[in-house]
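In: requesting a structural model of the entry that follows:
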Amino acid sequence: MELSINNVSKSYKQNKALSGFTLSFSPGVYALLGPNGSGKSTLMNIITGNLKKDSGVITYNGKDISKMGMEYLSLLGYMPQYPGIYLQFTAEEYLYYIAALKGVKDPVEQITEVLREVELDDVRSMKTSTFSGGMKQRLALAQAVIGDPKILLLDEPTAGLDPKQRIAIRNYISRISFNKIVIIATHVVSDIEYIAKTAIFLKKGVITDCGAPSELAKKAAGDVWSIRCGADEVTAYQNRYKVINIQSDGADVNLRVLSYTKPTDNAKPEAPTLEDEYIRVFAN
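Out: Got it, this is the predicted structure:
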């Protein structure tokens with residue numbers, strides 16, 4: 001199973017949203033990382049066919065997706081960043097509706113399972129108009145996986161979820177990725193650091209780096225430091241360095257900073273994370 005994107009570009013008037021995007025995807029989790037306007041949602045919408053590309057070719061197992069029609073659409077599951085949910089339905093009714101649109105036969109067992117996985121089984125008979133933002137977010141994920149799609153596209157899937165729900169959802173995504181191509185666009189680096197096999201850094205529509213999260217994190221080695229200082233010194237450090245984290249213990253303050261050279265005599269080197277590398281790449 002392979003989804004190949006070759007030299008895909010897209011512009012909005014004078015703004016180049018994607019420029020020559022080229023990458024191949026096989027089963028597993030891929031993370032699209034980048035600031036607002038980097039082209040993440042544009043790419044997702046082009047893959048789903050919701051947006052027309054200006055140039056380039058996308059193929060699935062060697063077939064041009066523009067010529068596959070419903071054969072290709074039946075392979076897709078999509079969770080948009082701002083999902084629209086019919087508020088007059090219960091959670092269960094909504095998923096039955098989505099299953100009918102996807103042509104899923106006898107979806108009872110599948111709907112029961114996915115409601116349990118997204119922790120909505122106890123509210124399956126409640127109107128979605130009564131749901132919180134986080135509940136609607138989990139229901140949007142549920143509708144995306146109905147029908148067992150081979151290509152699953154998730155735009156900010158953990159937005160609005162509490163830490164416990166985020167862990168449950170990312171573990172669920174990881175489990176179902178064994179036989180799917182899962183592409184996640186997100187700003188929450190920690191949510192994909194340990195489940196993505198490949199992280200893709202996008203900046204102004206161009207891939208600036210791509211690789212295993214652990215390997216990308218290593219690129220920040222030697223540039224991440226911890227500094228212990230007084231509260232009255234924090235602003236000065238912020239003016240001089242990229243401060244990633246500020247933690248006060250009531251007496252002094254612990255700073256995590258990015259610097260290409262040792263910032264102070266008392267600075268201690270820290271093991272880098274993917275978030276450190278993300279900040280290093282997208283700081284400016």
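In: report the rounded mean pLDDT for stretch 23-32.
Out: Throughout stretch 23-32, pLDDT has a mean value of 95.
In: all strands for the stretch 51-200 of the chain, in order.
Out: 55-60, 63-64, 76-79, 151-155, 181-186, 198-203 (DSSP state E, counting those that start in this stretch).
In: so who does residue 254 touch?
Out: 226, 227, 228, 245, 246, 247, 248 (CB atoms under 8 Å, 6 or more residues apart in numbering). Bear in mind the C-beta positions are built from the backbone N, C-alpha and C, glycine included.
In: what about 6 Å?
Out: 228, 247 (CB atoms under 6 Å, 6 or more residues apart in numbering).
In: ok, now the one 4 residues further on?
Out: Residues in contact with residue 258, defined by CB under 6 Å, 6+ apart, are 223, 242, 280.
In: most tightly packed of the strands of the stretch 51-200 of the chain?
Out: Most buried of the strands of the stretch 51-200 of the chain by mean neighbour count (mean count of other CB atoms under 10 Å) is strand 181-186; its value is a mean of 25.
In: the strands of the stretch 51-200 of the chain into CSV, with extra columns for distance to residue 273?
Out: As requested, the strands of the stretch 51-200 of the chain are exported to CSV (distance: least, CB to CB, whole Å):
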stretch, distance to residue 273
strand 55-60, 32
strand 63-64, 39
strand 76-79, 26
strand 151-155, 22
strand 181-186, 15
strand 198-203, 12
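In: where does pLDDT dip in this protein?
Out: Applying pLDDT under 70 to the chain picks out residues 284.
In: domain ranges for it?
Out: 3-217, 218-282 (automatic domain parsing).
In: the last one: end-to-end distance?
Out: Which is domain 218-282. Start and end residues of domain 218-282 are separated by 16 Å (CA to CA, to the nearest Å).
In: and if you look at the first one?
Out: End-to-end distance of domain 3-217 (CA to CA): 26 Å.
In: closest to residue 122 out of the strands of the stretch 51-200 of the chain?
Out: Closest approach to residue 122 among the strands of the stretch 51-200 of the chain (CB to CB): strand 76-79, 21.7 Å.
In: for that closest one, output the C-alpha coordinates as PDB.
Out: Provided in PDB are the C-alpha atoms of strand 76-79 (Å, rounded to 0.1, in the frame of the first residue of the first chain):
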ATOM      1  CA  LEU A  76     -10.500   7.700   2.700                       C
ATOM      2  CA  GLY A  77     -11.400   8.700   6.300                       C
ATOM      3  CA  TYR A  78     -11.100  12.400   7.000                       C
ATOM      4  CA  MET A  79     -11.400  14.400  10.200                       C
END
